[in-house]
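In: one predicted model, sequence on top.
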Amino acid sequence: MYPFPIRLPADLGQAVRQARQDSGLRAVEVARRSGRSRDLLYRLEQGGDVTTSALLDVLRAMGYALRIEKVGLPTLDEMRKRFKDLDED
């Protein structure tokens, strides 16, 4: 699954996209199952704003749920993964 905790809208979008792809689902299928538009799904996957109910509909359509966890400081491993592309310069 997603390599580190979701802390930003962009993280959420990447996690949703990764979950969809890992499940072998096409965007049009998730949109159909969730009753939401493909445009909404793409906006979500790009880290854009969507309503909470839309997010939950998309997650449910893919067989996922949302879990709330206490936030802590990112681990060194999380920071390395998040900023690995910047380190290559």
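Out: Looks like it arrived, so ask away. Numbers count the residues shown, from 1 in each chain.
In: and the pLDDT at residue 83?
Out: Looking at residue 83, its pLDDT stands at 81.
In: residues near it, how many?
Out: 10 (other CB atoms under 10 Å). Yep, even glycine has a C-beta here, placed from its N, CA and C like the rest.
In: need the contact list for it.
Out: Residues near residue 83 by CB atoms under 8 Å, 6 or more residues apart in numbering: none.
In: residue 74 touches residue 82, doesn't it?
Out: Yes: Residue 74 is within contact range of residue 82, at 7.3 Å (criterion: CB atoms under 8 Å).
In: quick check: neighbours shared by the two?
Out: Counting by CB under 8 Å, 6+ apart, the residues touching both residue 74 and residue 82 are residue 4.
In: show the subsequent helix or strand relative to the helix or strand that residue 44 is a member of.
Out: Counting by DSSP states H and E, the element that carries residue 44 is helix 38-45. The C-terminal neighbour of helix 38-45 among helices and strands, as given by DSSP H and E, is helix 52-62.
In: other SSEs contacting that next one?
Out: Helix 52-62 sits against helix 9-22, helix 27-34, helix 38-45, with contacts defined as 3 or more CB pairs under 8 Å, 6 or more residues apart in numbering; DSSP states H and E.
In: quick one, which of these is nearest to residue 86?
Out: Among the helices and strands packed on helix 52-62, helix 9-22 comes nearest to residue 86, with 14.7 Å by CB to CB.
In: restrict the closest one to CA atoms and write it as PDB.
Out: What follows is helix 9-22, C-alpha atoms only, in PDB (Å, rounded to 0.1, in the frame of the first residue of the first chain):
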ATOM      1  CA  PRO A   9      -4.100  16.300  -0.100                       C
ATOM      2  CA  ALA A  10      -1.500  15.200  -2.600                       C
ATOM      3  CA  ASP A  11      -0.600  12.200  -0.500                       C
ATOM      4  CA  LEU A  12      -4.300  11.200  -0.400                       C
ATOM      5  CA  GLY A  13      -4.600  11.500  -4.100                       C
ATOM      6  CA  GLN A  14      -1.500   9.400  -4.700                       C
ATOM      7  CA  ALA A  15      -2.800   6.800  -2.200                       C
ATOM      8  CA  VAL A  16      -6.200   6.600  -3.900                       C
ATOM      9  CA  ARG A  17      -4.600   6.300  -7.400                       C
ATOM     10  CA  GLN A  18      -2.200   3.600  -6.100                       C
ATOM     11  CA  ALA A  19      -5.100   1.700  -4.500                       C
ATOM     12  CA  ARG A  20      -7.100   1.900  -7.600                       C
ATOM     13  CA  GLN A  21      -4.300   0.700  -9.800                       C
ATOM     14  CA  ASP A  22      -3.300  -2.100  -7.300                       C
END
